[in-house]
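In: Sequence first, predicted coordinates after that:
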Amino acid sequence: MASLKLTDVEKAYGPVKVLEDINLDIETGELIVFVGPSGCGKSTLLRMIAGLEKITGGTLEIDGAKVNDVPPSQRGIAMVFQSYALYPHMTVAENMAFALKIAKKSKDEIEAAVKNAARILQLEPYLDRLPKALSGGQRQRVAIGRAIVRDPKVYLFDEPLSNLDAALRVATRIEIAQLKEAMPDSTMIYVTHDQVEAMTLASRIVVLAGGGISQVGSPLELYERPENEFVAQFIGSPSMNLMEGTVTETGERTVVDLDGQGIAVSHYPSLPEDMGARVRVGVRPEDFVEAGGEDFIFSGKVNITEALGEVTLLYFETDAGAVDETVIAKLPGTHRDRRGQTVTLGADPSKVHVFKDGKSLLYR
Amino acid sequence: MASLKLTDVEKAYGPVKVLEDINLDIETGELIVFVGPSGCGKSTLLRMIAGLEKITGGTLEIDGAKVNDVPPSQRGIAMVFQSYALYPHMTVAENMAFALKIAKKSKDEIEAAVKNAARILQLEPYLDRLPKALSGGQRQRVAIGRAIVRDPKVYLFDEPLSNLDAALRVATRIEIAQLKEAMPDSTMIYVTHDQVEAMTLASRIVVLAGGGISQVGSPLELYERPENEFVAQFIGSPSMNLMEGTVTETGERTVVDLDGQGIAVSHYPSLPEDMGARVRVGVRPEDFVEAGGEDFIFSGKVNITEALGEVTLLYFETDAGAVDETVIAKLPGTHRDRRGQTVTLGADPSKVHVFKDGKSLLYR
Amino acid sequence: MDNIAGQKSSLTWATHISVFILVMLWLIPTVGLLVSSFRDRDQISASGWWEAPFAVELTARGRAATEATPDGDLYVVTGNIFDDEEAQSYFPKGSDDVVAFGTSGRNPTEHPAGQTADLGDGQSLVVNADGSYEFRTPEKPGSRGQRIYFAAESPPKFTLANYNQVLNSDGMGRAFLNTFTVTIPSTIIPILIAAFAAYALAWMDFPGRGLLIALVVGLLVVPLQLALVPMLGLHNRIGIGQSFMGIWMAHTAFGMPLAVYLLRNYMAGLPRDIIESAKVDGATDFELFLKIILPLSLPALAAFSIFQFLWTWNDLLVAKVFLPSDDASKVMTVKIADDLLGSRGGDWGILATAAFVSIAVPLVVFFSMQRFLVRGLLAGSVK
Amino acid sequence: MPVILQGLLTILIGVGGCIGYFFLSNMVLDKVIFPARGENAGRNINRANAVRPWLFLFPALFLLSLYLVYPVIGSFLRSLYGRNPDEFVGLGNYISLFGSDDFQQAFFNNILWAIFVPAASTFMGLLVAQLTDKLSWGNFAKSMIFMPMAISFVGASLIWKFVYANDADIGLINAVRAAMGFGDPVDVVQIPFWNNFFLMVILIWIQTGFAMVILSAALRGIPEETIEAAILDGANPWQLFFKIKVPQIMPTIIVVWTTITITVLKVFDIVYTMTGGNFGTEILPSYMMDFMFRDDGRATAIALVIMIVVFPVMYSNIRQARKEMR
Amino acid sequence: QDLKYPVGEGDFNWDSYQAYADAHDYSGETISITGPWTGADNELFSSVIAYFEAATGATVNYSGSESFENDIVVSTQANSAPNIAVFPQPGLLADLAARGKVTPLSDETAAWITENYAAGQSWADLASFAGEDGETKLYAFPYKIDVKSLVWYSPEQFEEAGYDVPETYEDLKALTEQIEADGGTPWCIGLGSGAATGWPATDWIEDIMLRTVEPAVYDEWTTHGIPFNDERVVNAINEFGYFLQDGRVNAGREAAANTDFRDSPAGLFSFPPECYLHKQATFIPTFFPEGTVVGEDADFFYFPAPAEGDLGKPVLGGGTMFAVTADSEATQGFLQFLQTPLAHEIWMSQSGFLSPLKSANADVFPSDSQRNMNNILTNATTFRFDGSDLMPGEIGAGAFWSEMVAFTTGSQDAQTTADNVEARWAEMGK
Ligand SMILES: Nc1ncnc2c1ncn2[C@@H]1O[C@H](COP(=O)(O)OP(=O)(O)OP(=O)(O)O)[C@@H](O)[C@H]1O
Ligand SMILES: Nc1ncnc2c1ncn2[C@@H]1O[C@H](COP(=O)(O)OP(=O)(O)OP(=O)(O)O)[C@@H](O)[C@H]1O
Ligand SMILES: [Mg+2]
Ligand SMILES: [Mg+2]
């Protein structure tokens, strides 16, 4: 029901610019996820959209109307705060009912909405407790419940699931997805650190970094075709391995010599003038397969193994080449006793990314 | 340097028993992870170990000495609080230095320790800020830093990474693992909701549920041989699928008829008297493979697909049988257009769990 | 916090003891007042209140009887000194403990009790511990008996007379009610007005906010005396005159700076997130104030209402100026000061009693408000 | 009983009136003057929000300016005139005040009071608030310490006469001295210079209760986790108090300090009844009372000097407020 | 309120009452009076008012106030003054008269006072001030007088010790020295009175002044006609110093400066006596220990005048003055009522009331001692009003008090004391 448009938005705390040049169009019904390193300004941006922080530059439009100066209560938004911000003197039920009471909803309506939210969030036993008698996760659920009971034009979620256990997180995530589906018109903006959340929920992901937007796109776009090294490393866990090398073949496919550690073949196209340039080759740990044929890429000694059950992480020590000095591979199955062995890894050339000066070859 | 022993520990808030019958031996140098659903008492147990909550029943021993009545400061522990608990009137540096100042460490020593922690946690630019000018993740890092700068016998972490972004989380997790490795004698207890954290860090995992301990064991033990349905579903994400059925063959291997949805073959041994019993069969989503031969297990219609990049989640609708009414399979690669198709799944019999009355057949 | 394990008991004991000592130190003067309120003025100024519960040696005088029986060439007067009217005024119940006696005011305890004193001129006198005496004189006693001074143990003397006088004096009940009539609206109304203003000063953004805060602090120090004349004049002009209405307005206004100041400072400390959350929830400033700020400011509201209540309760100045001086509108303080204490004041027994009578209600208010000064009102609300 | 009814009615009308005023004025503002509708919705909302603080402030400001600001201005003007209200003397009153020994003495004493009393009361109040915080009989202890607050100044002075009187039969101090064999009774309110402190003790005795109540509320507002964290960090109770609790309630301490300072600058009753300003104990408020209703020019001049003394306190408060507002 | 004595009974001047009642009728009218009398005094005054009400049908609201001086200033300035205010201090009344807040009384009243009061002219002069217009008029009606030149003692202790009541000022000094020589303490002095601490000392100075200088000098002194540090004043202060010397004051001079004046006479009645003499006004028996009977347990003598010189028997006194602060017919009627002997006799017959009204019947006094007091008043060759009450408030109720306290403690000499007061007074004049 609401579209948002941010034009050249910026935020400064005194002389310090926290955000700059934020340009973003959010369509009605989208679920946008903000991701980015801690402290990059996600909460701040969300708070500016909510109207809780003054926008120090640029304009914010909701449904085409500039709302820079409209107070939060008039913007038709609901927000889940990173710090919960529960009303300490109200019980869980009262906390959730508050916005509805303010909106002068009927008693029955309020009760129904609260009951429903409590059921979804498994809060029924706690409806009469005060926030101080709740566990961290329970508090967070109340905060989410408060947003759910309302029916705002725009939902803002600031890391709503960070204190929930896995099962509940999945359940709540699905709940949010269904909520979204049930109200295709409501717009949601969601801040998270959880890759899975970002990937599963988002219609588009906004990657924030260094005070600005790094890339905007659908989850798969970001995963498969990251625009720059930052996004490439930020999306996906463990992050993409980056290895330095020199271009030895250009054209439809690019071949990079990994400074003696191997050769990488990528289906990313390159220009003739790239010949001999220093680039970085990126491969996601999960894109590695053991032993490659011709498209040999990398071989190294296993340093640490981490068994996660279904997959195992292998950490390779590298002499040079890899930017982070460790290359990680995620191989299916259990590989417990590989420590100390030398393993050779390969990868599908379509999944080998090449970055020159930090930018992907795909995006020039 | 410290071993812990909990004997029949319990905690009651007034008439409400939050924890009961907690028996646990923690060896020197272990890294124990507490997991469990939100509100199950993880924080409470941690606080009891710290001495911040009175133990209302049972005994807690550290290094063989009963410490029920020893004040927190004498227990030689450091704790990272779920709510950070930063000193609002001190800068980041002062927050971290506080414990050392109290301990009358030399100035240089303090400075070195703070610098080191700030470097690890990427807090250098913020050392002179007050907590209120930090983002959620930054605050959390300061809280961790406070524990790191000290060198306690026992570390207690209450969801220390929940507000960190993926990259930082991995980094900090590895930092903690290295910290642990560098100090093989220090004992750590760690509460988390993150499967990966639990699996990678823990020497043993304690699953808490319903006010008691559900299972204790190494991560792989819990993953591969869960003692009961709860642990089976709790460990692993998405959780293990449970499907109802009737035992049709007993002995070295057990065969279960899944009420018309398929047949499951498990290498779990069963007794003759199990014949015809109603049981539940558990298969982890990632243990499914597409199309099975003889050990046919399950076929259903794909309802939703979620592409996570490296893998895809397929959600199957079931008419009956599956306890949660949905069966989830995690298949490698991208399967975007499978929605609506009927897919047949199989699984390795050694990875097919059978539960009778909630308990695994393995543990009788 | 109460849950923390292994608090050192030595420390707890130290706390108990030091608090006990502090309370004692604080209480001693008040106990003095309490004890004094049960004594009459003469006693108050004669001996320390801490001696009140004990028997004290009191020097008194009386006269021997005049009827004498001849005994040889002497006349003997016997009797008990406590039968004498004058002696009775010191010892209404007599005493068994006459310690010493004498016959001159200069030296009233010249002779120990029971010892026969030779008074010269053939006269002798003995006074025994129980007060019985024997006076021998060669001449027939005249119309005035022999003067006898004596020192005896006087039992502690307490009286409810002061309370009787304070509580049962004419119109005291009325004055008590009047005081309530003045104090209650004068406590409640300023809180409400000040709370709104405090909220605006703490959480609303507008130009001149800092200046207004400074103004409020500045006005705290204005001596009331400056305002009395102009304000009474104003009340007269607008027709309120001297009336309850007038005093309510005056108390409200005079309490305003402290109220705004205390409340603003408290409110400014509330967590920003909660207030923002309510704003996002659609609460207008008005609703936000009523439903979030007020309940969370309970401790400050309670603290201020205690003080405002105390101040209006004990106020004499404002009441005298803004209330008519007729009996129908006298409040307790005025009643006590003007009617009970007598022309030149200084009836310490009454003063002590009045102080004690008037302390009772504020203490009840304090006790009942104290529960609102609660711990952890904000607990669990934010990380 | 009609007065009572009148009182009840007033409470109703007063409270109802206040709420009514705030409610209605808000509504009028939002619905009638600046309706959030139509083409000007955004602008109207902004305007309404610019006006609203003043709506909230109006009753308080109105009363303040009528009952306090206006008299202060009047007083200032009056202070420019002599004993006779027609005789304009300019700053004459101030000049002659500062030239007078008595005034200088009062001024000096007042500075002593304004430093010592708030410091001691705040400290004692903080101490009591902290010590009684966890005590089972803490509430009782607090009530006892609070009791002096409920006693009128005159009653309090009376009480302290029984402590200070220079007769060992009446004054506690001299009784103790006598019991310890110190010979002649001393009149503590006549000991030069130190007598000021004996008088201050009375106000400290009273004001500690005030400080205690406010500070105890503040202490209870400190997030428990920070205290727990400090306990784990090994802080002893002493460090916990001075390094964790006190800094966190600093704003409240400033409030208490300010309020007591201001009380000090206003209270004349103690000096008035204990010594009548004799023996070198005069302070500004009691000095002012010497002139009040006699030489209003001079009395108002003293009042304004008192107000100037409070400037540093005002300044520190404004700074604190600025800090809170970021 | 019931009439204290039924009309027609006793030695009262009922004729004057009857005549007044016949001539005045104010039914339905109300007048309000405020004054300094509270507590018992309030009741006594009310018993007088009752006769006025009975005679005229008017209603009188009297309210007494401990802080009368402040209250009357506030209410006159705020224009809510009562009809009549009873001033204990002429100084304050003069102030208000000068500001036009008091209505002058008629010339007939002035004439009546001159005629009917003992030393009438001095009373009329005392109550006449310059008004707003600068013209001197009678502004108040004096009623109820205190005599201050009294020394209280315990007759029995005197008898036992063999002391005689001194007849002259020299005798008084001799007695003082004798008592001292006998090992006793002659005087009890207490200056403590809260905010008003020091006033008893000013009474001493005034009495001594009247005994050492001409009345005219006294008048000049109170009106600042001579400087306060005139040597005659310094001399008077030094005379007071004579009585303060070590061994002559109970507990020493420092203690005297801070002993409450209400508590200090108690020394007369203890055994052994803490002192033998106490100089204080007529009202002091109120503060004697309970049960003390004036005339038996305690008595007084006139603070004697020096034998030498021709100053006669000067008497120092105080008193209250009725002034009209809001005029009305009934108000005037009330002032006329005060001119009837009965208005004086009613209060006289009870306690603590002296009157210079010659036509009042002294037989109604309840005791000889009160009659004697009244005699002191009526026999006075010179009557002077309390000087400090005549001085401007800052002096008479300010500097004079506090400087006398400083003198009494011994921390400054007489010259300094007088100089300090003079400095304050001189500055005020500017
Ligand atoms: N003061 C209290 N009074 C009553 N119940 C309480 C109190 N504090 C906590 N509880 C309850 O105790 C249970 C355990 O709380 P705890 O904080 O230990 O949970 P947790 O396992 O840490 O949960 P989370 O993962 O959500 O932080 C919860 O159900 C909570 O509601
Ligand atoms: N009041 C303030 N003054 C100065 N800097 C501030 C203030 N508040 C926040 N910041 C800074 O602004 C930056 C952005 O903060 P923000 O809370 O938006 O980060 P975030 O992306 O939400 O981080 P996280 O994921 O850790 O919550 C941070 O570096 C923070 O330190
Ligand atoms: Mg954030
Ligand atoms: Mg928890």
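Out: Happy to help now that I have it. Numbering: from 1, shown residues only, chains lettered A, B, ... in the order given. Ligands and ions are numbered 1, 2, ... in the order given.
In: Could you use CA atoms for every contact and neighbour count after this?
Out: Noted.
In: Skip the chain neighbours and tell me the closest residue to the closest residue to chain B within the stretch 101-250 of chain E.
Out: Of all residues in the stretch 101-250 of chain E, the one sitting closest to chain B is E:A195 (47.6 Å; C-alpha to the nearest C-alpha). Excluding the flanking residues, the one nearest E:A195 by C-alpha to C-alpha, 6 or more residues apart in numbering or on different chains is D:G276, at 3.9 Å.
In: Helices of chain A, start to end?
Out: Along chain A, the segments classed as helices by DSSP state H run A:42-50, A:92-102, A:107-120, A:136-149, A:166-182, A:195-201, A:219-224, A:229-234.
In: The second one and chain C, any residue contact?
Out: Which is helix A:92-102. Yes: counting by C-alpha under 8 Å from any C-alpha of the partner chain, chain C is contacted by helix A:92-102 at A:F98, A:A99, A:I102.
In: Quick check: end-to-end length of stretch C:124-135?
Out: One end of stretch C:124-135 sits 6 Å from the other (C-alpha to C-alpha, to the nearest Å).
In: what does it rub up against?
Out: C:64, C:75-82, C:95-101, C:113-119, C:123, C:136-137 (C-alpha atoms under 8 Å, 6 or more residues apart in numbering or on different chains).
In: Out of these, which end up buried?
Out: Buried subset of the contacts of stretch C:124-135 (neighbour count, 16 or more other C-alpha atoms under 10 Å in any protein chain shown): C:64, C:75-82, C:95, C:97-101, C:113-114, C:116-117, C:123, C:136-137.
In: hmm, back to that, would you turn the helices of chain A into CSV with distance to A:G251, mean neighbour count and mean pLDDT?
Out: Listed next are these as CSV, based on distance: least, C-alpha to C-alpha, whole Å; neighbours: other C-alpha atoms under 10 Å in any protein chain shown; pLDDT from 0 to 100:
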stretch, distance to A:G251, mean neighbour count, mean pLDDT
helix A:42-50, 39, 23, 90
helix A:92-102, 60, 23, 91
helix A:107-120, 54, 18, 90
helix A:136-149, 51, 26, 86
helix A:166-182, 43, 17, 78
helix A:195-201, 32, 20, 82
helix A:219-224, 20, 20, 88
helix A:229-234, 21, 23, 87
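In: Output those helices in JSON lines; the columns should cover distance to E:I208.
Out: JSON lines is the format used below for the helices of chain A (distance: least, C-alpha to C-alpha, whole Å):
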{"stretch": "helix A:42-50", "distance to E:I208": "86"}
{"stretch": "helix A:92-102", "distance to E:I208": "82"}
{"stretch": "helix A:107-120", "distance to E:I208": "89"}
{"stretch": "helix A:136-149", "distance to E:I208": "86"}
{"stretch": "helix A:166-182", "distance to E:I208": "99"}
{"stretch": "helix A:195-201", "distance to E:I208": "102"}
{"stretch": "helix A:219-224", "distance to E:I208": "108"}
{"stretch": "helix A:229-234", "distance to E:I208": "103"}
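In: so who does the closest residue to A:Q82 other than its chain neighbours touch?
Out: Nearest in space to A:Q82, with sequence neighbours left out and distances taken as C-alpha to C-alpha, 6+ apart, is A:D158 at 5.0 Å. Going by C-alpha under 8 Å, 6+ apart, A:D158 touches A:S43, A:L46, A:M79, A:V80, A:F81, A:Q82, A:Y190, A:V191, A:T192.
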